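*Asks:* below are the sequence and a predicted model for it; my questions follow.
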Amino acid sequence: MSALVGALLLGGLSGALAQALDKVTVAGWSQPISEITNLLAEPDKGFFKAKGIALDYVPGTGGGSAIQTMLTGKADIAFTDPAALYLALDKGEKLVAIYNIYPQNVFNVVSPKASGITRPADLKGKRVGVYSLSSGTRQNLAVLLHQVGLSEKDVTIEVTGLLNFAPVIQGQVDATAATDTGLYVARLKGLPEVTVIEVRDSLNLPSDIFVVTEETYRNKKPLLARFLAAYRDSAAWMIANPEEAARIAVTRAINGSDEAVNLGIIKLRNASSVSETTEREGLGAFDPGVMQKGADTFHQLGLIARPLDMGAVVRTDLIPPKQ
């Protein structure tokens, strides 16, 4: 357990009432990075402790790893993405989506202005970089291509790793699939003028969601409701106080040494936490039909073997009401 993750748990357990708290462990898709400062700030702000919860966080290496960590019993809740959920459901896992963390799709495809790529159809015949073959960048690229009648067979996929903007600048690929925060950091490092194709303009599938097992959903509804209320409070705090969150990230996030960079990343995550639906119904609300459209697209792409009924998977009864 890292010192920071340990601090999360210790922060939740401190005080005379520690023994009265219910422990909830979140399996994350990432290391404790600035994007999730609202969780990392628990020792400072105590949103979960206020709901009687001792929060713990297990770092991960992607949405699939978050679900796997939960399924092995090391966590109660997975901080994961719809693609990882679809793949797990396709394998027969019994899972429930209970909260829409980031309703906005944060993936994009970036290309130099000189490439002449201005729309998804222009990617035909081009070399496109992805983080890895199992990453969200590849899956969202496939979704983007599918919306204009193309497939991965119409492009050349190049695995470029996390430092995926260097191959674009050096001309080794024509475009690269990335995220909003990756693009933000690349621009800070001097990325020349580029064209950005947003995947959300084709299919605005949520970027991250909270997922639990059907058994946990059935047996721990009151605890899950308290957890989601605490998470909603933490997200609302970060939206209202990005500068304070950026300062806290300096000491809580492993990539948080630069407060100004933290602020830029946190503002992007705040923007991805809201949608027309959340404005109307409150943070955490799902956009009707989008999760089903995503599952149907994954089935049509052959990424999953069978159709999925997301109406039986997405449960909204534990999402806290709008404040």
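*Replies:* Nice, thanks for sending it over.
*Asks:* for the stretch 201-323 of the chain, which segments count as strands?
*Replies:* Secondary structure of the stretch 201-323 of the chain (DSSP state E, counting those that start in this stretch): strands at 208-213.
*Asks:* which strands and helices lie in contact with the longest helix anywhere in the chain?
*Replies:* Ranked by residue count under DSSP state H, the longest helix found in the chain is helix 221-240. Judged by 3 or more CB pairs under 8 Å, 6 or more residues apart in numbering; DSSP states H and E, the packing partners of helix 221-240 are strand 22-27, helix 37-40, helix 42-45, strand 53-58, strand 95-102, strand 208-213, helix 259-272. Where you see a C-beta, it was placed from the backbone N, CA and C, and this is true even at glycine.
*Asks:* single out the most deeply packed of the ones you listed.
*Replies:* The highest average neighbour count among the helices and strands packed on helix 221-240, using mean count of other CB atoms under 10 Å, belongs to helix 37-40 at a mean of 27.
*Asks:* okay, now the unreliable bits of this protein?
*Replies:* Low-confidence regions of the chain, defined here as pLDDT under 70, cover residues 1-19.
*Asks:* can you give me phi and psi for K113?
*Replies:* phi -50, psi -40 (degrees, to the nearest 10).
*Asks:* no wait, G282
*Replies:* Torsion angles, degrees, to the nearest 10, at G282: phi 110, psi 160.
*Asks:* for it, give me its contacts.
*Replies:* With contact taken as CB atoms under 8 Å, 6 or more residues apart in numbering, G282 is in contact with R232, I319, P320, P321, K322, Q323.
*Asks:* take the helices and strands packed on helix 221-240 and lay them out in a markdown table including distance to M310.
*Replies:* Conversion of the helices and strands packed on helix 221-240 to a markdown table gives the following (distance: least, CB to CB, whole Å):
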| stretch | distance to M310 |
| --- | --- |
| strand 22-27 | 21 |
| helix 37-40 | 26 |
| helix 42-45 | 31 |
| strand 53-58 | 26 |
| strand 95-102 | 8 |
| strand 208-213 | 11 |
| helix 259-272 | 20 |
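*Asks:* I117 is nearest to which of these?
*Replies:* I117 lies closest to helix 259-272 among the helices and strands packed on helix 221-240, at 22.9 Å (CB to CB).
*Asks:* now do the closest one: distance to the chain's middle.
*Replies:* 14 Å (CA atoms, centre = their mean, to the nearest Å).
*Asks:* kindly report the same for stretch 130-150.
*Replies:* On the basis of CA atoms, centre = their mean, stretch 130-150 sits 16 Å off its chain's mean C-alpha point.
*Asks:* now swap in stretch 155-169 and tell me
*Replies:* With CA atoms, centre = their mean, you get 21 Å for stretch 155-169.
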